[in-house]
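Asks: The amino acid sequence is not available; the structure is as follows:
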């Protein structure tokens with residue numbers, strides 16, 4: 001399930017909910033269902049990634065990253081495939097209930113998300129193997145959850161929500177950057193063309209740093225609208241973000257694994273700060 005990365009999906013829903021609350025549109029049930037749907041979709045994506053990467057011969061036993069159950073023989077490929085689609089089906093069941101608040105057209109959005117879960121690791125052009133993983137994360141863990149969580153509670157879209165969705169998307173893509181930064185050599189050896197393989201570690205480390213600063217910059221107006229004192233929250237995020245970046249450029253191999261969780265938790269803390277600001 002890759003639990004240390006799950007705060008990425010939670011942060012998007014919390015951010016959308018915070019912005020809905022700020023305009024007086026908070027609604028508990030769609031917020032809760034969006035949260036369940038987002039987490040289940042991420043878990044399904046993680047399961048699919050493990051299954052399809054194993055089937056493609058891209059994972060090796062004893063890898064530097066977190067243990068892969070199928071590769072290490074902890075779970076059979078058949079069981080992992082079943083878990084993938086069972087989890088995805090459960091996510092879709094929860095997602096379908098959101099039609100009550102958003103209308104039938106949301107089914108098309110749900111179908112796109114379900115296809116994205118699989119297309120990230122499988123299909124004729126797997127996104128994660130062709131340098132598009134970070135774009136997919138920014139879209140499906142930033143743009144989609146923030147905007148639609150906001151919409152389902154308020155009934156409309158807004159520019160602040162759109163800016164926040166880009167911000168959260170950039171922060172979320174940083175989790176994948178750490179992962180691919182760590183695995184660049186192994187990925188290059190098996191033909192997996194991530195951005196870290198295409199551009200090199202130095203370039204993606206700069207991308208990691210810029211994503212955090214650009215993400216905060218996109219939301220400065222939102223933070224200021226809550227009061228100048230709330231700027232302490234994004235400043236605290238940037239301090240932590242810069243510290244993690246410095247650690248990333250100095251560490252190698254499995255020593256980078258804790259930075260996955262640190263990046264995700266910083267993103268979650270940032271979104272909780274936004275929620276706190278909206279509640280005051």
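Replies: Good, I have the coordinates. The structure displayed is predicted, hence computed values, not measured ones.

Asks: Residues touching the lowest-mean-pLDDT helix or strand in the chain, excluding its own?
Replies: Lowest on mean pLDDT, DSSP states H and E among the helices and strands of the chain sits helix 69-72, with a mean of 86. With C-beta atoms under 8 Å, 6 or more residues apart in numbering as the test, helix 69-72 has contacts from 50-51, 54, 59-61, 63, 75-77, 80. No exception for glycine: its C-beta is placed from N, CA and C like everyone else's.

Asks: Check the average confidence over stretch 191-200, would you?
Replies: Averaged over stretch 191-200, pLDDT sits at 96.

Asks: which residues are contacting that stretch?
Replies: With contacts defined as C-beta under 8 Å, 6+ apart, stretch 191-200 is touched by 58, 128-131, 133-134, 177, 180-181, 183-184, 187-188, 203-204, 207.

Asks: Weed out the non-buried ones from those.
Replies: 58, 128-129, 131, 133-134, 177, 180-181, 183-184, 187, 204, 207 (16 or more other C-beta atoms under 10 Å).

Asks: Mind putting those residues into TSV with secondary structure, distance to residue 244 and pLDDT?
Replies: TSV is the format used below for the buried ones among the contacts of stretch 191-200 (DSSP: H, G, I helix; E, B strand; the rest coil; distance: C-beta to C-beta, whole Å; pLDDT from 0 to 100):
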residue	secondary structure	distance to residue 244	pLDDT
58	coil	26	84
128	helix	22	95
129	helix	26	94
131	coil	23	96
133	helix	19	97
134	helix	17	98
177	helix	11	98
180	helix	15	96
181	helix	12	97
183	coil	18	94
184	helix	18	95
187	helix	21	92
204	helix	14	98
207	helix	14	98
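
Asks: before we move on, back to that, could you identify the helix or strand that succeeds the least confident helix or strand of the chain?
Replies: helix 77-97 (DSSP states H and E).

Asks: Now do that next one, average pLDDT.
Replies: Per-residue pLDDT values across helix 77-97 average out to 97.

Asks: buried residues in it?
Replies: 80-81, 83-85, 87-88, 90-92, 94-95.

Asks: tell me which of the residues you listed is nearest to residue 171?
Replies: Distance to residue 171, by C-beta to C-beta, is smallest for residue 91 among the buried residues of helix 77-97, at 22.3 Å.

Asks: For the nearest residue to the closest one once chain neighbours are set aside, grab the count of nearby residues.
Replies: Ranked by C-beta to C-beta, 6 or more residues apart in numbering and with sequence neighbours excluded, the top spatial neighbour of residue 91 is residue 40, at 3.6 Å. By the criterion of other C-beta atoms under 10 Å, residue 40 has 21 neighbours.

Asks: ok so, going back, pipe the buried residues of helix 77-97 into CSV and attach distance to residue 7 per row.
Replies: Compiled in CSV, these are given as follows (distance: C-beta to C-beta, whole Å):
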residue, distance to residue 7
80, 23
81, 26
83, 21
84, 21
85, 24
87, 18
88, 20
90, 20
91, 17
92, 23
94, 19
95, 20
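
Asks: Against which helices or strands is the lengthiest helix in the chain packed?
Replies: Counting residues, the longest helix found in the chain (DSSP state H) is helix 28-55. Packing partners of helix 28-55 (3 or more C-beta pairs under 8 Å, 6 or more residues apart in numbering; DSSP states H and E): helix 7-22, helix 69-72, helix 77-97, helix 99-102, helix 106-119, helix 144-154.
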